[in-house]
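A.B. asks: okay, structure incoming, though there's no sequence with it:
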């Protein structure tokens with residue numbers, strides 16, 4: 001099928017044969033299809049939608065457009081994916097935690113997308129940290145240390161790498177079939193035994209309402225299961241930033257707190273719950289119930305085992321944690337105070353994410369350079385009674401002008417007297 005016929009068929013709601021989808025993905029991966037035609041197809045798929053069968057075919061075709069990793073015999077392989085949130089540093093905790101529990105964790109992560117943070121950008125705030133590993137080195141580190149974290153390589157799902165960038169440029173990010181195919185093409189190329197999905201819902205998530213999040217969670221789990229991978233999805237709250245820190249270096253510092261057995265309770269809880277879900281699926285005979293897996297994950301944080309594994313991973317990838325700890329904070333810190341008294345829920349996640357992006361903690365285009373020391377640091381937990389004038393947090397900026405703009409915007413993002421939602425909304 002010619003690409004123009006493919007665009008027309010999707011535009012008109014005509015189902016595309018699997019063989020044609022494979023041909024399309026192979027052509028995308030090899031760079032044969034021009035961006036403008038690929039963008040036209042994405043817009044047609046966004047507006048008209050594609051069927052479950054087409055979504056599965058697109059997922060597997062994009063997976064097979066590159067290398068599918070072959071692993072040696074050994075412990076189960078597990079990975080996790082978050083659909084994107086604000087202050088979401090869970091992967092930095094979960095990967096070494098699950099590895100400390102004895103599983104292998106080959107985690108291929110992404111960079112900032114829109115207002116949400118990117119795991120790779122956070123890791124790169126650690127001096128020397130290499131998150132663009134050659135595939136052979138990535139495999140070796142996972143086999144040796146039980147965990148490695150890297151970006152998508154040219155070898156893995158090249159068709160998705162191209163379409164992923166175009167989705168951001170064409171405002172087609174929120175299509176559930178396109179999200180599912182993009183996520184799973186990369187994750188299935190890792191060839192894992194177990195996948196856990198953290199599907200965010202709320203103002204700071206791409207899925208704003210629970211029914212949308214449920215639909216995405218069911219689609220992700222269903223496609224993974226059809227590919228022979230055990231999968232579970234947790235739908236989690238993203239109305240307010242996760243934890244107390246938003247911004248690359250600030251979030252790594254908070255990660256270290258959690259790995260040392262302390263840190264914000266919501267970050268610790270979600271890290272443990274997602275990790276426990278992995279363990280239960282991968283080794284059900286060792287963890288007969290959820291409580292036993294949760295308890296063991298908590299022990300691994302409290303006794304330093306997860307931190308030890310994190311240090312091993314960082315050093316193996318060239319990172320210098322001592323240099324990171326010694327890094328200066330941003331040159332300007334500006335307080336944000338409560339404008340009134342009352343029950344303060346927190347700051348709106350979308351507004352915080354966009355504000356940190358404006359400070360340089362995120363990108364508007366891929367050639368923007370990240371300013372890792374910028375961000376928002378909350379000093380009082382959300383869900384707290386505060387008095388007018390109480391200092392709620394600090395803006396970290398490179399200039400007073402930037403700090404002033406950001407503090408005004410964050411102050412206006414305060415949310416008051418709203419009923420609290422549970423951290424974990426639903427398990428699928």
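C.D. replies: Structure received. The structure displayed is predicted, hence computed values, not measured ones.

A.B. asks: so who does residue 345 touch?
C.D. replies: Neighbouring residues of residue 345 by Cβ atoms under 8 Å, 6 or more residues apart in numbering: 239-240, 382-383, 415-418, 420. Quick note: C-beta positions are derived from backbone N, CA and C, even for glycine.

A.B. asks: quick one, which of these are buried?
C.D. replies: Taking 16 or more other Cβ atoms under 10 Å as the criterion, what is buried in these is 239-240, 382, 415.

A.B. asks: hang on, residue 411 is in a helix, isn't it?
C.D. replies: Yes. If the criterion is DSSP: H, G, I helix; E, B strand; the rest coil, then residue 411 is within a helix.

A.B. asks: excluding sequence neighbours, find me the nearest residue to it.
C.D. replies: Closest residue to residue 411 apart from its sequence neighbours, by Cβ to Cβ, 6 or more residues apart in numbering: residue 336 at 5.2 Å.

A.B. asks: I'd say residue 65 and residue 158 touch.
C.D. replies: Yes. The pair residue 65 and residue 158 qualifies as a contact (Cβ atoms under 8 Å) at a distance of 5.4 Å.

A.B. asks: list the residues that contact both of these two?
C.D. replies: 28-29.

A.B. asks: what separates the nearest residue to residue 265 once chain neighbours are set aside from residue 267, distance-wise?
C.D. replies: Distances taken as Cβ to Cβ, 6+ apart put residue 381 closest to residue 265, at 8.0 Å, once the chain neighbours are dropped. Computed as Cβ to Cβ, to the nearest Å, the residue 381 to residue 267 distance reads 11 Å.

A.B. asks: now residue 63
C.D. replies: From residue 63 across to residue 267, the span is 31 Å (Cβ to Cβ).

A.B. asks: could you do residue 293 as well?
C.D. replies: 18 Å.

A.B. asks: ok, now residue 416?
C.D. replies: Distance from residue 416 to residue 267, by Cβ to Cβ: 23 Å.

A.B. asks: still on that earlier bit, format the buried ones among the contacts of residue 345 as CSV; extra columns: secondary structure and distance to residue 92.
C.D. replies: Listed next are the buried ones among the contacts of residue 345 as CSV, based on DSSP: H, G, I helix; E, B strand; the rest coil; distance: Cβ to Cβ, whole Å:
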residue, secondary structure, distance to residue 92
239, coil, 22
240, coil, 20
382, coil, 21
415, strand, 27
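
A.B. asks: ok, so of those, who is nearest residue 107?
C.D. replies: Using Cβ to Cβ, residue 240 is the member of those that sits closest to residue 107, with 25.5 Å.

A.B. asks: list the buried ones in stretch 56-73?
C.D. replies: For stretch 56-73, a neighbour-count test (16+ other Cβ under 10 Å) marks 56-67, 69 as buried.

A.B. asks: care to break this structure down by domain?
C.D. replies: Listed by automatic domain parsing, the domain ranges of the chain are 3-50, 78-323, 332-416.

A.B. asks: most tightly packed of the ones you listed?
C.D. replies: Neighbour counts (mean count of other Cβ atoms under 10 Å) averaged over each of the domains of the chain peak at domain 78-323, with a mean of 22.

A.B. asks: from the chain's centroid, how far away is that one?
C.D. replies: Centroid displacement of domain 78-323 relative to its chain, using Cα atoms, centre = their mean, to the nearest Å, is 6 Å.

A.B. asks: what about it, average pLDDT?
C.D. replies: In this model, domain 78-323 has an average pLDDT of 95.

A.B. asks: the residue nearest to residue 265 touches residue 242, doesn't it?
C.D. replies: No. The criterion here is Cβ under 8 Å, and residue 381 misses it with residue 242 at 11.9 Å.

A.B. asks: what sits against the nearest residue to residue 105 once chain neighbours are set aside?
C.D. replies: Nearest residue to residue 105, sequence neighbours excluded (Cβ to Cβ, 6+ apart): residue 147, at 4.4 Å. If you count contacts by Cβ under 8 Å, 6+ apart, residue 147 has them with 95-96, 98-99, 104-107, 141, 309, 312-313.

A.B. asks: one more time with 6 Å
C.D. replies: Contacts for residue 147 (Cβ atoms under 6 Å, 6 or more residues apart in numbering) come out as 95-96, 99, 105, 313.

A.B. asks: kindly report the same for residue 406.
C.D. replies: Applying Cβ under 6 Å, 6+ apart, one finds that residue 406 lies in contact with 355, 359, 395.

A.B. asks: helix, strand or coil: sort out it for me.
C.D. replies: Quick answer, by three-state DSSP: residue 406 is helix.

A.B. asks: ramachandran angles for residue 230?
C.D. replies: Dihedral angles of residue 230 (phi, psi; degrees, to the nearest 10) stand at phi -70, psi 130.

A.B. asks: equivalent analysis for the one 5 residues further on, please.
C.D. replies: Backbone geometry at residue 235, expressed as degrees, to the nearest 10, gives phi -90, psi 120.

A.B. asks: do you know how far it is from residue 304?
C.D. replies: 31 Å.
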